[in-house]
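In: I would like the atomic coordinates for the input below:
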Amino acid sequence: MVHLYRRRAKQVGLPPGTLVHLGERKQKEIRIELLDFGPDHCEERLLDSVDECLPYLERDSVTWINIDGLHEVETVRTLGERLEVHPLVLEDIVHTYQRPKMEEYDGYLFIVARMLSLSDPSESIESEQVSFILGDRLLLTFQELHGDSFEPVRQRLRAGKGRIRKSGADYLCYALLDAVVDHYFSLLEGLGEHLEELEDELMSDPDEETVQEIHRLKREMLGLRRGVWPLREVMSGLQRIESGLVAEGTQTFLRDVYDHTIQVIDTVETFRDMLGGMLDLYLSSVSNRMNEVMKVLTIIATLFIPLTFLAGIYGMNFEYMPELGWKPAYFVLLGIMVVVAAAMVYFFRRKRWL
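Out: Have a look, this model is predicted:
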């Protein structure tokens, strides 16, 4: 679920760079996966410890190390110490409530993105932090949970299709960011279909559950916007970086990811406007339904006003009334009441009030 506020009580008063895991523990054990590749080879392994990946860093090939599970901060600390990663970067990795950002350090780039998923449009959006450390021939990724949108990239590496095995770690980082952004489109497609169903329900038979679902989706859209909007700055910064870690050819592909990010942001804003309009439509529908009920009740009350007047006159306890001794007086009065009621109904129909 996309939360709007996160508790940070664990880190209050601690010095900068202190590694304390903030977030949900989404899996029991940490998982370290290594993928080393070049134009003519691709080696994939599951590692038991961080030290097993160190020999691969001496090779001329590109090494991708992916860590699933951030609750074991000692593993993150050990890997950071071996690779001389700044403590503040490690702190941001285990603080899983970061907004998307890109920071440049001496010899590497630190990138944070949000991986969003939606198994069912009627359920909440699941948000997971993904951190990237991009170096020369090295890419580290840190995720909260095993199972991601990176599998198509892994399949391309195994099959050796395209230019991914012939390129460097910067192109691999682009491919992973592109997979994250492409996954947003699948999420938005499911949300769009759910919004269409909700709009049809609003037009046919809205109820309290409908307005509750609208409010829930408005909240989800706010969290979705917070997760996607800053990614535009990340993509823009990667295109302008001059450190040499991102090749000029890769920056061309990053422009495509930037365009996709803008499309996602536009779609999110459109959905937010639609939800605002649907809430107004619901309130208008409830008001119109109430007006219809009040119109019917008003017409009924208006019909009975003259009838109540006639009944009130002949219900008075006076001894001398001219019609009291007349035998057909009761039926004549009933007939007059029927005629008056029929005349009023005819008048209402002529005025199109009925």
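
In: which residue ranges make up each domain of this protein?
Out: When the chain is parsed into structural domains using automatic domain parsing, the resulting residue ranges are 9-284, 292-350.

In: ranking these by burial, who's on top?
Out: Comparing the domains of the chain on average neighbours per residue, with mean count of other Cβ atoms under 10 Å, the densest one is domain 9-284 at a mean of 17. For glycine as for every other residue, the C-beta is placed from the backbone atoms N, C-alpha and C.

In: export the domains of the chain as TSV, with columns for mean pLDDT.
Out: Supplementary listing: these in TSV, determined by pLDDT from 0 to 100:
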stretch	mean pLDDT
domain 9-284	87
domain 292-350	85
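
In: quick one: the strands in this structure?
Out: Assigned strands in the chain, in chain order: 31-38, 41-47, 62-68, 101-105, 108-117, 126-135, 138-143 (criterion: DSSP state E).

In: give me the residue at the spatial middle of the chain.
Out: Centre of the chain computed as the mean C-alpha position; nearest residue by Cα atoms, centre = their mean is L224, 3.8 Å away.

In: quick check: E144 touching L70?
Out: Yes. Taking contact to mean Cβ atoms under 8 Å, the distance of 5.7 Å between E144 and L70 places them in contact.

In: can you pull the contacts of the closest residue to I111 other than its chain neighbours?
Out: When the adjacent residues along the chain are set aside, I111 lies closest to F132, with 4.0 Å between them (Cβ to Cβ, 6 or more residues apart in numbering). In this structure, F132 makes contact with 109-113, 139-141, 173, 176-177, judged by Cβ atoms under 8 Å, 6 or more residues apart in numbering.

In: of all those residues, which comes closest to D51?
Out: Relative to D51, the closest of the contacts of F132 is L140; by Cβ to Cβ it sits at 15.0 Å.

In: that closest one bridge partners, please.
Out: The partner list for L140 in beta bridges (DSSP bridges) reads I65, I133.

In: wait, it sits on L79?
Out: Yes. At 7.4 Å, L140 and L79 qualify as touching, with contact defined as Cβ under 8 Å.

In: return every residue with contacts to both of the two.
Out: Counting by Cβ under 8 Å, 6+ apart, the residues touching both L140 and L79 are 65, 67.

In: thinking again about what came up before, from the contacts of F132, pick the one nearest N66.
Out: Checking these against N66 with Cβ to Cβ, the nearest one is T141 at 4.7 Å.

In: let me see the contact set for V130.
Out: By Cβ under 8 Å, 6+ apart, the contact list for V130 reads 112-115, 141-143, 148, 180.

In: would you turn the strands of the chain into a markdown table with distance to H260?
Out: A markdown table is the format used below for these (distance: least, Cβ to Cβ, whole Å):
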| stretch | distance to H260 |
| --- | --- |
| strand 31-38 | 24 |
| strand 41-47 | 27 |
| strand 62-68 | 22 |
| strand 101-105 | 17 |
| strand 108-117 | 13 |
| strand 126-135 | 16 |
| strand 138-143 | 20 |
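
In: and those strands: which comes nearest L19?
Out: Judged by Cβ to Cβ, the one of the strands of the chain that comes nearest to L19 is strand 138-143, at 12.2 Å.

In: same for that closest one, what does it pack against?
Out: With contacts taken as 3 or more Cβ pairs under 8 Å, 6 or more residues apart in numbering; DSSP states H and E, strand 138-143 sits against strand 62-68, helix 73-83, strand 126-135, helix 169-204.

In: who touches the first one?
Out: Same thing as strand 62-68. So strand 62-68 is in contact with 27, 30-38, 53, 56-57, 75-76, 79, 137-146, 150, 168-169, 172, going by Cβ under 8 Å, 6+ apart.

In: quick check: angle from that strand to strand 41-47?
Out: Interaxial angle, strand 62-68 versus strand 41-47 (axes from the mean of the first three to the mean of the last three Cα atoms, to 10 degrees): 30 degrees.

In: got the angle between strand 62-68 and strand 126-135?
Out: Using the same axes, to 10 degrees: strand 62-68 against strand 126-135 is 150 degrees.

In: out of the contacts of V130, which comes closest to R154?
Out: Checking the contacts of V130 one by one against R154 (Cβ to Cβ), the nearest turns out to be D148, at 9.6 Å.

In: the nearest residue to the closest one once chain neighbours are set aside: what's it in contact with?
Out: Leaving aside its chain neighbours, D148 sits nearest to M115 (6.3 Å; criterion: Cβ to Cβ, 6+ apart). The neighbours of M115, taking Cβ under 8 Å, 6+ apart as the test, are 127-130, 143, 148-149, 180, 183.

In: change it to 6 Å
Out: Taking Cβ atoms under 6 Å, 6 or more residues apart in numbering, we find M115 in contact with 128, 130, 180.

In: no further queries at this time; thank you.
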